[in-house]
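[1] No sequence on hand, only this structure:
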């Protein structure tokens, strides 16, 4: 635990306080018409020893902090330290000014006032020190909680990413198995594409955000694999507005959304199916719209985050703390998914 003395502002405040106390005591002694040597000697000796006592308090409280029901210990320790300060300072002053009878008489008569003054200063220093170290403990505890929450969030995000693609991998492997006998050349091509896709997945796991341009490149690799599976039935259209390519989005976000569109666009319909992806920006958010046809009788999408999109919605919430970033809607036989990605200015 770092000491308050590691803060320049605290050291500066300590020096200012020391100078103020010396001047205050010198002013009081001067009112009693003592010689300048006594005024300066008494003030410097007394306040410097009091400063050393305060530094001792700072070091003690660094390693021992009283609990709420032990604050009586603060009073007791201040009394003890004030008594020790009074004993040591008086001894020094008596030795330094041994021949000054009037001053020694004044010194004896002012013991109670000096003790009260030292007690007040040391109590303030002790209380400030305790508040400082308690604040540091709360800061550390807050940081530990933040770290735990961040690790938990990262673990959940990692788990969500890992759950997004297994069925795609199984489908691809089944397609490759079917192609081996019918078209070995196409099967080899699909194996290479799948290898590139999985290699890109592993690289992307290291980062949380990527540019839209990079994510679209990765998405095109995925679509090439799917086009081998579905042939001419799968048609895609990607429209990216000017200036959106550099926008940042969560890594591996579009692939599961498009996979979901393909699943409900091709599995439940016949003939060619167009999956359309449109990306545009309104300044503060990147808006990605994915549309696909579907058969209302077999798919029966419902308003909200249907079609198994809840995991994507959860991921967006963990990243941006918002629940309104993914919405779905139905327009006749077209299912529309809209994703909004907040952008930092």
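    It's in. The model shown is predicted, which means the values in this text are computed figures rather than measured ones.
[2] Give me the most central residue, this structure.
    Ranked by distance to the mean C-alpha position of the chain (Cα atoms, centre = their mean), the top residue is residue 146 at 6.2 Å.
[3] Okay, and it sits in which element?
    Using DSSP states H and E, residue 146 sits in helix 111-163.
[4] Check which helices and strands that helix sits against.
    helix 36-63, helix 72-96, helix 310-320 (3 or more Cβ pairs under 8 Å, 6 or more residues apart in numbering; DSSP states H and E). To be clear about C-beta, it is placed using only N, CA and C from the backbone, and glycine gets the same treatment.
[5] Which one, of those, ends up nearest to residue 343?
    Of all those, helix 310-320 sits nearest to residue 343, with 10.8 Å by Cβ to Cβ.
[6] Centre of the chain to that closest one, how far?
    Chain-centre distance of helix 310-320: 18 Å, with Cα atoms, centre = their mean, to the nearest Å.
[7] now do stretch 128-146
    With Cα atoms, centre = their mean, you get 16 Å for stretch 128-146.
[8] Dihedrals phi and psi, residue 238?
    When read as degrees, to the nearest 10, the backbone of residue 238 gives phi -120, psi 120.
[9] Then residue 272?
    The phi/psi pair for residue 272 (degrees, to the nearest 10) is phi -70, psi 140.
[10] and it, how far is that from residue 231?
    10 Å (Cβ to Cβ, to the nearest Å).
[11] repeat for residue 91
    101 Å.
[12] Looking at residue 272 and residue 231 now, which is surrounded by more residues?
    Neighbour totals were compared for residue 272 and residue 231, and residue 272 leads with 13 against 8 (other Cβ atoms under 10 Å).
[13] Run through the protein and note the low-pLDDT ranges.
    1-2, 65-71, 148, 151, 153-168, 201-207, 268-269, 297-308, 345 (pLDDT under 70).
[14] Domain ranges for it, per the record?
    4-151, 164-342 (automatic domain parsing).
[15] how about the helices and strands packed on helix 111-163 in CSV, adding distance to residue 199 and mean neighbour count?
    Listed next are the helices and strands packed on helix 111-163 as CSV, based on distance: least, Cβ to Cβ, whole Å; neighbours: other Cβ atoms under 10 Å:
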stretch, distance to residue 199, mean neighbour count
helix 36-63, 53, 18
helix 72-96, 63, 16
helix 310-320, 22, 17
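[16] will you turn those into a markdown table that also has distance to residue 277?
    A markdown table is the format used below for the helices and strands packed on helix 111-163 (distance: least, Cβ to Cβ, whole Å):
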| stretch | distance to residue 277 |
| --- | --- |
| helix 36-63 | 59 |
| helix 72-96 | 66 |
| helix 310-320 | 15 |
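[17] and of those helices, who's closest to residue 112?
    helix 72-96 (9.6 Å).
[18] and the angle for that closest one with helix 111-163?
    130 degrees (axes from the mean of the first three to the mean of the last three Cα atoms, to 10 degrees).
[19] what's the closest non-adjacent residue to residue 55?
    residue 5 (7.8 Å; Cβ to Cβ, 6 or more residues apart in numbering).
[20] next one: residue 198
    Of all residues not flanking residue 198 in the chain, residue 169 sits nearest, at 7.8 Å (Cβ to Cβ, 6+ apart).
[21] is it fair to say that neighbour lies in a helix?
    Yes: counting by DSSP: H, G, I helix; E, B strand; the rest coil, residue 169 is part of a helix.
[22] Count the residues that sit near it.
    13.
[23] for residue 25, same thing?
    19.
[24] next one: residue 260
    21.
[25] what do you get for the one 4 residues further on?
    Summarising burial for residue 264: neighbours were counted as other Cβ under 10 Å, giving 22.
[26] Surely it touches residue 296?
    No: contact criterion Cβ atoms under 8 Å: residue 264 and residue 296 do not qualify, at 10.8 Å.
[27] The closest residue to residue 171 other than its chain neighbours: which element?
    Computed as Cβ to Cβ, 6+ apart, the closest residue to residue 171 that is not its neighbour in sequence is residue 229, at 7.0 Å. According to DSSP H and E, residue 229 maps onto helix 212-230.
[28] tell me which residues of that helix are tucked away?
    212, 214-216, 218-219, 221-230 (16 or more other Cβ atoms under 10 Å).
[29] Kindly report the same for stretch 172-185.
    172, 175-176, 179.
[30] before we move on, the earlier item: what's the closest of the helices and strands packed on helix 111-163 to residue 125?
    helix 36-63 (4.3 Å).
[31] now residue 36: how far from residue 323?
    Applying Cβ to Cβ to residue 36 and residue 323 gives a distance of 74 Å.
[32] for residue 240, that is, sorry about that
    For residue 240, the distance to residue 323 - Cβ to Cβ - is 26 Å.
[33] out of these two, which sits in the more crowded spot?
    residue 240 (16 against 11).
[34] Excluding chain neighbours, what is closest to that one?
    Per Cβ to Cβ, 6+ apart, closest to residue 240 is residue 279, 4.6 Å.
[35] give me phi/psi at the one you found?
    Per degrees, to the nearest 10, the backbone of residue 279 is at phi -120, psi 130.
[36] Who does it form a beta bridge with?
    With DSSP bridges as the criterion, residue 279 is bridged to residue 240, residue 288.
[37] Contact partners for it?
    212, 216, 238-241, 244, 247, 286-289 (Cβ atoms under 8 Å, 6 or more residues apart in numbering).
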